[in-house]
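[1] Pasting a predicted model and its sequence here:
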Amino acid sequence: MTKVKICGIKDLKTVTILNQTLPDYVGFVFAKSSRQVSIEQAKKIRKQLLPCIKTIGVFTEFKKQTIEILVEQKIIQGVQFHTKISTVEVDNLKNKDLLIFQIANKTTKPAKEVDYWMFDSKVPGSGQLVDWNQIDAKGHPFIIAGGLNANNVGAAISKLHPGIVDVSSGVEKNGQKDANEIAKFIRSVKNADEKNK
Ligand SMILES: O=C(O)c1ccccc1NCC(=O)[C@H](O)[C@H](O)COP(=O)(O)O
């Protein structure tokens, strides 16, 4: 079954629909962004989310101290990097039992040891579609992101068979997460999985 990550959760009012629709992962953006959250905000949201939903800290640079706090306080169960990371850093994160997602693009060759390579647009969180014909994960587990929504995620799954589909702006209205769009997105993923059985 294709897993789902809903990224850029920044308020408690989205928690109800997340706990009803049960995406596999929720992303907290700690990078500069309109979706950026503080450690305290993320902590409050994590506390309200059902334990089966794993939370992923999203970073554009390696923030060792922040990650340590987030792990110690059990605010995240995984990390997502839109940047290069060293083998030592990967090993340290693995020792903390964290899931690791890493961007795969022309400038960042992801590490073999990370759990998922992530194919995303040049500007993460912008809703720009990735060229699906350019994706080559070389057999590594991967995530497709960038411009997905309830209308196109089924086609992405049927064409690419990703392990995870990731969405942020495709489930927003006026810059806010929208319960209806989240429910529609997750329904589309389930329908595509049924069709491809
Ligand atoms: O979403 C952001 O604002 C963001 C900012 C900086 C780094 C990463 C960011 N998001 C990462 C994600 O996982 C998004 O879900 C992914 O880029 C897809 O976004 P969208 O095209 O809007 O669905």
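    Nice, thanks for sending it over.
[2] Summarise which helices and strands the helix ranked longest in the chain is packed against.
    Longest helix in the chain by number of residues (criterion: DSSP state H): helix 179-195. Using 3 or more C-beta pairs under 8 Å, 6 or more residues apart in numbering; DSSP states H and E as the contact definition, the elements that helix 179-195 packs against are strand 3-7, helix 15-21, helix 153-160. Using the backbone N, CA and C atoms, a C-beta is placed for each residue, glycine as well.
[3] deepest of those, which one?
    strand 3-7 (a mean of 23; mean count of other C-beta atoms under 10 Å).
[4] how about His161, what does it touch?
    For His161, the set of contacting residues under the criterion of C-beta atoms under 8 Å, 6 or more residues apart in numbering consists of Asn196.
[5] Let's see that with 10 Å instead.
    Listed by C-beta atoms under 10 Å, 6 or more residues apart in numbering, the contact set of His161 reads Thr2, Ala137, Phe142, Ile144, Asn196.
[6] again, but for Asp97
    With contact set as C-beta under 10 Å, 6+ apart, Asp97 has these partners: Val71, Gln77, Gly78.
[7] How many neighbouring residues does the last one have?
    Spelled out, that is Gly78. Around Gly78 there are 20 other residues, counting by other C-beta atoms under 10 Å.
[8] Residues of this structure that sit close to the ligand?
    Residues of the chain found near the ligand (C-beta under 6 Å from any ligand atom) are 7-8, 27, 29, 31, 33, 35, 58, 60, 82, 120-121, 124-127, 145-148, 166-170.
[9] Now the chain against the ligand: closest residue?
    Gly125 (2.2 Å; C-beta to the nearest ligand atom).
[10] Next one: Ile186 relative to Asn149, how far apart?
    Computed as C-beta to C-beta, to the nearest Å, the Ile186 to Asn149 distance reads 12 Å.
[11] Hmm, Val71 is touching Gln77, no?
    Yes: taking contact to mean C-beta atoms under 10 Å, the distance of 8.7 Å between Val71 and Gln77 places them in contact.
[12] Show me the shaky parts of this protein.
    Along the chain, no part satisfies pLDDT under 70.
[13] Okay, strands next: where are they in it?
    3-7, 25-29, 54-59, 78-81, 99-103, 116-119, 142-144, 164-167, 172-173, 176-177 (DSSP state E).
[14] Please point out which parts of the longest one sit buried.
    By neighbour count with 16 or more other C-beta atoms under 10 Å, strand 54-59 contains the buried residues Lys54, Thr55, Ile56, Gly57, Val58, Phe59.
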